[in-house]
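# Pasting the sequence and the predicted coordinates here, then a few questions.
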Amino acid sequence: MKTATETWGRLSAVRAGKGRVTIAFAEDSEQLQEIIHWSKVHQAILLPLGGGTNLVGSDGELPLVCLRLAENIGHGFDRDGEIVKVRCGEMLSSLLYRCAGAGLGGLSSLFGIPGTLGGALAGNAGANGHSIFEYVVAVEGIRLNDGTPWKWREADGGWSYRHSPVPADVLLTHAEVRFSQCDSQAEHLLLREIATRRRKSASPFPSLGSTFKNPDQGDPAGRLLESAGCKGLSCGVFVVSEHHANWIVNPSKEIGSASDYRQLVEKMRHRVEEHSGIRLVEEVRFVDDMV
Ligand SMILES: Cc1cc2nc3c(=O)[nH]c(=O)nc-3n(C[C@H](O)[C@H](O)[C@H](O)COP(=O)(O)OP(=O)(O)OC[C@H]3O[C@@H](n4cnc5c(N)ncnc54)[C@H](O)[C@@H]3O)c2cc1C
């Protein structure tokens, strides 16, 4: 079993978490089963790790091991007409760009979301009023508690805004995604325009994108946070961005503590609740809550 040890802050895109964690790499399905067996024997929880772009690490030593799909089982895709079967370790935006090159488009609204396809499916990532599950025909994975297969089909439903039908104990391995035919040149141009737009509005500092989900009705989270005076609030190295009140950024780029990050999240939530009576729900994931 190939493993490495890393500080959480190096795995989390906002550099949150001072504790250390072991990462196990699965290079084929046999190794994956070996890791699952090992985790049962050692009573360790396995956490699938994508790009870490939505994860707040931990300051402590948790009974948890991160699981990463190595290149040969995590990456690659096959095309069957407009349906593309993709391995879940693929980076979402790079996948969309390469599919555009093969004349497959239609998912441009999701272009620029950082991280892997697996991470996007786990949180039903989305942008511009669309989310990934709108385009998904089928998903396959493995239950990490017993190594048995897990499957989802379009007709099963169960997804909504930033809510995924994928149970927390499933490692996603493959998804079938429905594209539509496009002109490669025009789609590439569109994707590059979207990337430029996102770059212009993005923070130059490490972050996890939006901290909170938008409430079902009324003002979006960013507006509620701004009205409640959250911009500029800070805790440790983490600061509420002056660009967008729903972003927590780390201008120092130093590793910060997960507890500082959490305190800032709670401060923001409290301010909004006091100001507008709305209790925001976070979009970012805390590994401390997964054990
Ligand atoms: C600058 C910036 C902008 C962002 N913009 C957006 C946006 O526009 N829209 C949006 O929705 N999000 C956005 N995000 C958040 C983030 O990019 C998405 O949530 C992304 O889909 C997370 O993917 P990841 O691979 O990094 O997942 P990770 O952060 O590694 O993991 C997130 C969760 O997914 C699970 N997971 C990862 N891989 C798998 C797998 N193979 N099987 C099962 N579970 C898995 C993890 O266990 C964890 O619970 C942004 C983040 C940043 C930093």
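That came through fine.

# Could you list the contact residues of the stretch 101-250 of the chain toward the ligand?
Contacts of the stretch 101-250 of the chain with the ligand, taken as Cβ under 6 Å from any ligand atom, map to 113-116, 118-120, 122-123, 125-127, 170-172, 202, 207-209. For every residue, glycine as well, the C-beta is placed using N, CA and C.

# if we go to 8 Å?
By the rule Cβ under 8 Å from any ligand atom, the part of the stretch 101-250 of the chain lying against the ligand is 110, 112-127, 131-132, 141, 162, 166, 168, 170-173, 198, 202-203, 206-210.

# What subset of those is buried?
110, 112-127, 131-132, 141, 162, 166, 170-173, 203, 206-210 (16 or more other Cβ atoms under 10 Å).

# out of the residues of the stretch 101-250 of the chain next to the ligand, which are inside helices?
With DSSP state H as the criterion, helices contain 117-123, 198 from among those.

# Please tabulate these in TSV, including the columns pLDDT.
TSV is the format used below for those (pLDDT from 0 to 100):
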residue	pLDDT
117	97
118	97
119	97
120	98
121	98
122	98
123	97
198	95
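
# For this protein, which helix or strand comes out least confident on mean pLDDT?
Sorting the helices and strands of the chain by mean pLDDT, DSSP states H and E puts helix 71-74 at the bottom, at a mean of 77.

# List the buried residues for it?
73-74.

# Now find how far off-centre it is within its chain.
19 Å (Cα atoms, centre = their mean, to the nearest Å).

# Which residues does it contact?
For helix 71-74, contacts defined as Cβ atoms under 8 Å, 6 or more residues apart in numbering pick out 26-29, 32, 68, 87-90, 173.

# do that again at 6 Å, thanks
For helix 71-74, the surrounding residues in contact (Cβ atoms under 6 Å, 6 or more residues apart in numbering) are 28, 87, 89.

# again with stretch 157-169
121-124, 133, 143-145, 152, 213, 283.

# For the residue of the stretch 151-291 of the chain found nearest the ligand, report the pLDDT, please.
Closest to the ligand within the stretch 151-291 of the chain is residue 209: 2.5 Å, counting by Cβ to the nearest ligand atom. We have a pLDDT of 97 for residue 209.

# now do the one 3 residues further on
Predicted confidence (pLDDT) for residue 212: 98.

# So what sits opposite it in the bridge?
residue 282 (DSSP bridges).

# Fine by me, thanks again.
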